[in-house]
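*Asks:* show me the folded form of this:
(chains A, B, C and D)
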2 protein chains.
Amino acid sequence: MAYHHGNLRDDLLAAAETALGTVGADGISLRSLARDLGVSHAAPAHHFRDKQALLDALAVEGFTRLADRVESGDTPGRPFRERLDAMTRTYVGFAVDHEPLLALMLGTKHHPDATEELGAAAARGTLVAVDLIAAGQRAGEVREGDPYTLAIVAAAQVHGVATLAARGLLGGLPLDVAISTTVDLVFRGLSA
Amino acid sequence: MAYHHGNLRDDLLAAAETALGTVGADGISLRSLARDLGVSHAAPAHHFRDKQALLDALAVEGFTRLADRVESGDTPGRPFRERLDAMTRTYVGFAVDHEPLLALMLGTKHHPDATEELGAAAARGTLVAVDLIAAGQRAGEVREGDPYTLAIVAAAQVHGVATLAARGLLGGLPLDVAISTTVDLVFRGLSA
DNA sequence: CAGGATTCTTGTCAATGACAAGATTTGGCT
DNA sequence: AGCCAAATCTTGTCATTGACAAGAATCCTG
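*Replies:* Numbers count the residues shown, from 1 in each chain, chains lettered A, B, ... in the order given. The predicted structure is shown next:
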């Protein structure tokens, strides 16, 4: 066994994400992760100052992956409603599949210095939304108004459905019904 | 000093809610609460089986208070848009004023037996929303469709704006602009 | 006014996050 | 090649915490 693990940092992140799904963010223990990776209980400290620093790194990774998925699922040039539908499904799907990660991403207890990095990662997502609204306006499909404001609020609406769906708090409403209704309501709300 | 504290349970809840705002849900320590109340470190165990049981009780209390505020701020009989506006402002206001509590209420790590109680408390809120939609439909102000589905989704949309606003994640959008836009978008979406 | 239930206390345990100090390895610099 | 600093990992330690056990003080019901 090599004295140096090699890529402890990446392995810690991977193990932490797995643990996130089983024991939750608070249930994660640095010592337990270290044990799983066959490493001493103090080794993680050399890669993450804090337990929170590890979680922050996980959150940043989550934002990046979410943005990737949204962007790759997008179809620029297609009608507004089609793009809105795709984005909504992607977002809700991500939330349902990775609820603990999303909770981490939008949690409030990040390190001050990480907040900056998280903000940048999150900004990528809003960019896509603003672009969507602006394109819709240019095509005369979306009503007038500050595209930034409309994008933020519309995204927040979809976000609300996503988080409640992820936590099973939609009162028994089937997921596809909830999504379809959401797209419909948001679309009508934004219509010209 | 009386051997019996008298109303430890209530005092624990009150102290816990205060701590919730300062150190967060995870930062709360039963032992610390006990110290603050001048009571032995094991005393809380006789009132709350668990640390989670305490948090669950706090969450139930939160749902009750939120429902109270929404109901008391409601104006049945008035036009749909007016009621929607009032409810949205109440909800967003509650979220901004009590973000940690709301996070607790909608968290996923409750005790199984508490989930039932929480569900009942939360159901009160959806009742108001369904009533609002149904009334709007009767008045011809809201489009047709299953009122339950429309209510859940619309509530989820408002909820999304509320949580993001509470966490300062609206990208610098002024709160009143966000609220007004939200009411506008939801209203248009639901319009007949 | 007795006896059981309630409330609270002290004592204890394992787990954890964080810190300190030292060992091993790596990699750059001469 | 060789050396030294930095990076990586280790053992050791500490205070805090949640949970449990067993016993003391108090309350209350019959």
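
*Asks:* going forward, measure contacts and count neighbours with C-alpha atoms only.
*Replies:* Fine.

*Asks:* what is the least confident helix or strand in chain A?
*Replies:* Least confident helix or strand, chain A: helix A:112-138 with a mean of 92, by mean pLDDT, DSSP states H and E.

*Asks:* let me know the pLDDT of the closest residue to A:Ala134 other than its chain neighbours.
*Replies:* Counting by C-alpha to C-alpha, 6 or more residues apart in numbering or on different chains, A:Pro147 is the residue found nearest to A:Ala134 once chain neighbours are left out, at 5.8 Å. Model confidence at A:Pro147, expressed as pLDDT, equals 98.

*Asks:* thought A:Pro147 was touching A:Val130?
*Replies:* Yes - using C-alpha atoms under 8 Å, A:Pro147 makes contact with A:Val130 at a distance of 6.0 Å.

*Asks:* ok, the closest residue to A:His47 other than its chain neighbours to DNA strand D distance?
*Replies:* Closest residue to A:His47 apart from its sequence neighbours, by C-alpha to C-alpha, 6+ apart: A:Arg9 at 5.9 Å. Look at A:Arg9 and DNA strand D: by C-alpha to the nearest atom of the strand, to the nearest Å, they are 7 Å apart.

*Asks:* helix or strand: which one has A:Arg9?
*Replies:* Secondary structure from DSSP states H and E places A:Arg9 in helix A:8-27.

*Asks:* the nearest residue in space to A:Ala121 that is not next to it in sequence: which element?
*Replies:* Ranked by C-alpha to C-alpha, 6+ apart and with sequence neighbours excluded, the top spatial neighbour of A:Ala121 is A:Phe63, at 5.7 Å. The secondary structure element spanning A:Phe63 is helix A:51-73 (assigned by DSSP H and E).

*Asks:* do you know the pLDDT at A:Glu99?
*Replies:* Looking at A:Glu99, its pLDDT reads 97.

*Asks:* ok, the residue lying closest to it once chain neighbours are set aside - how many residues close by?
*Replies:* Closest residue to A:Glu99 apart from its sequence neighbours, by C-alpha to C-alpha, 6+ apart: A:Ala166 at 5.7 Å. Residues lying near A:Ala166 (other C-alpha atoms under 10 Å in any protein chain shown) number 23.

*Asks:* same check on A:Glu61?
*Replies:* 17.

*Asks:* then A:Ala34?
*Replies:* Applying other C-alpha under 10 Å, we find 19 residues neighbouring A:Ala34.

*Asks:* how far away is it from A:Ala43?
*Replies:* A:Ala34 sits at a distance of 7 Å from A:Ala43 (criterion: C-alpha to C-alpha, to the nearest Å).

*Asks:* can you tell me the closest non-neighbouring residue to the residue of chain A found nearest DNA strand C?
*Replies:* Closest residue of chain A to DNA strand C, C-alpha to the nearest atom of the strand: A:Ser29 (3.2 Å). Computed as C-alpha to C-alpha, 6+ apart, the closest residue to A:Ser29 that is not its neighbour in sequence is A:Lys51, at 8.0 Å.

*Asks:* surely the one you found is in contact with A:Gly27?
*Replies:* No - with contact defined as C-alpha under 8 Å, A:Lys51 does not count as touching A:Gly27 (11.2 Å).
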